[in-house]
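**Student:** I'll drop the sequence and a predicted model, then ask my questions.
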Amino acid sequence: MGFAKDSRHVGLARALSKLGYCSRSQAAVLIRAGRVMLNGTTRKDPEAPVRLQRDRMEVDGRAVNAASRIYLMLNKPRGVVTTASDEKDRKTVYSYLDEELPWVGPVGRLDKASEGLLLLSNDSKWASRISDPETHLDKTYHAQVGVLADENLAAALVRGVRIESQEMLRAKRARVLRTGERNAWLEIVLDEGKNRQIRRMFDGLGIEVLRLIRIAIGPLQLGQITKGQFRSLTAEEKRSLDRELETSGTPHQSP
C-alpha cells in the first residue's frame, strides 16, 4: 500500500498524520467517533499502537494509503488565522485553498495580524524539520514600526531584548530598509523560531509593530505571489530548502 518502511510502533492518530491523511488532532476526533478501523477492528484510542509497514487502517470503510507528498506556499493575508477551523468563526488559511486538494497542514504559524509566506504540506516529518527551532533555519521578515528607526535600533535587536519574563530574545540580523515621516521598515532575520518573537522584542522596547510580513524561509522567497494566492513549490525550491536544512542547525553567536 506504499507505507513507509518503518517497523516502529506509533499511535493510531499519529499514523494517520504521517500518511498524510489528516492532522493528528483531526485523526483523534475520527478515532474517538469510531470511524477508524485498525486491521478490521474499530479502535477508539488515538494512541493504539500501529506498525506503518504492516498494519491496515480504514476510515469510514476506505483504506488509508500513503498520500502523494504536497508542498505549497501561500501568501497569507492579514487578519486570517492559521488553523483548519476556528471557534470564533474567523477566516482561516484553508479558505484560500482548492477544495479538491488532499489534506495539508500549516508548516509553523503566522499569527492573525501577520502576513506573508506560509508553507503547507502533508509531509509531517518534513514540516517538523522546517518548524523545529533546533534547525535554526533563517526566516526573514519585513516589519513596519511606529518610530523613526536607525541602525542603533537594528543593532539593539541583534544584541537582544530582555522582555518582562526575563527571557532574552535576539535577531540574527537586522537592518533599516527605509524611513518615512513617522514610521520605518526594517528587515529582520530570525533563526530561533520563538513564538511571536519579533512582536515581543519590539513590545519590550516600547515600539508598536504596524505590519509584519514574512518574506522568506531559508532560500525560499515569497516573490510575486499576490495575497491569498498559493502555488506548489518547484522541485528546485524543495531541493534548495532541503539542502538548507542539512547545512543549518548551528545557532548564531551573540555579539
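**Tutor:** Perfect, I can see it now.
**Student:** what's around Asp150, how many residues?
**Tutor:** For Asp150, the neighbour count with other Cβ atoms under 10 Å is 11. Heads up, the C-betas are built off the backbone N, CA and C, glycines and all.
**Student:** Please enumerate the strands of the stretch 151-255 of the chain.
**Tutor:** Assignment of strands within the stretch 151-255 of the chain using DSSP state E, counting those that start in this stretch yields the ranges 161-162, 168-169, 173-179, 184-190, 209-217, 220-221, 230-232.
**Student:** Show me the one of these that comes nearest Gly40.
**Tutor:** strand 230-232 (36.3 Å; Cβ to Cβ).
**Student:** Could you list the low-confidence segments of this protein?
**Tutor:** 1-7, 85-86, 249-255 (pLDDT under 70).
**Student:** redo that, cut-off 80
**Tutor:** Confidence mapping of the chain against pLDDT under 80 gives the ranges 1-8, 20, 53, 66-67, 84-89, 99-100, 133, 193, 248-255.
**Student:** on contacts alone, who are the packing partners of the longest helix belonging to it?
**Tutor:** Criterion DSSP state H: the longest helix present in the chain is helix 235-247. Where contact means 3 or more Cβ pairs under 8 Å, 6 or more residues apart in numbering; DSSP states H and E, helix 235-247 is packed against helix 124-131, strand 220-221.
**Student:** any chance of the ones you listed in JSON lines, with distance to Tyr96 too?
**Tutor:** Shown next, in JSON lines, are those (distance: least, Cβ to Cβ, whole Å):
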{"stretch": "helix 124-131", "distance to Tyr96": "18"}
{"stretch": "strand 220-221", "distance to Tyr96": "18"}
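**Student:** Save those as JSON lines, and put in mean neighbour count and distance to Ala66 too.
**Tutor:** Output for the helices and strands packed on helix 235-247, formatted as JSON lines (neighbours: other Cβ atoms under 10 Å; distance: least, Cβ to Cβ, whole Å):
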{"stretch": "helix 124-131", "mean neighbour count": "17", "distance to Ala66": "12"}
{"stretch": "strand 220-221", "mean neighbour count": "18", "distance to Ala66": "25"}
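**Student:** Of all those, which one comes closest to Asp60?
**Tutor:** Closest to Asp60 of the helices and strands packed on helix 235-247 is helix 124-131 (Cβ to Cβ; 21.4 Å).
**Student:** starting at the chain centroid, how far to that closest one?
**Tutor:** Relative to the centre of its chain, helix 124-131 is centred 8 Å away, using Cα atoms, centre = their mean, to the nearest Å.
**Student:** That one vs strand 209-217, what angle?
**Tutor:** 130 degrees (axes from the mean of the first three to the mean of the last three Cα atoms, to 10 degrees).
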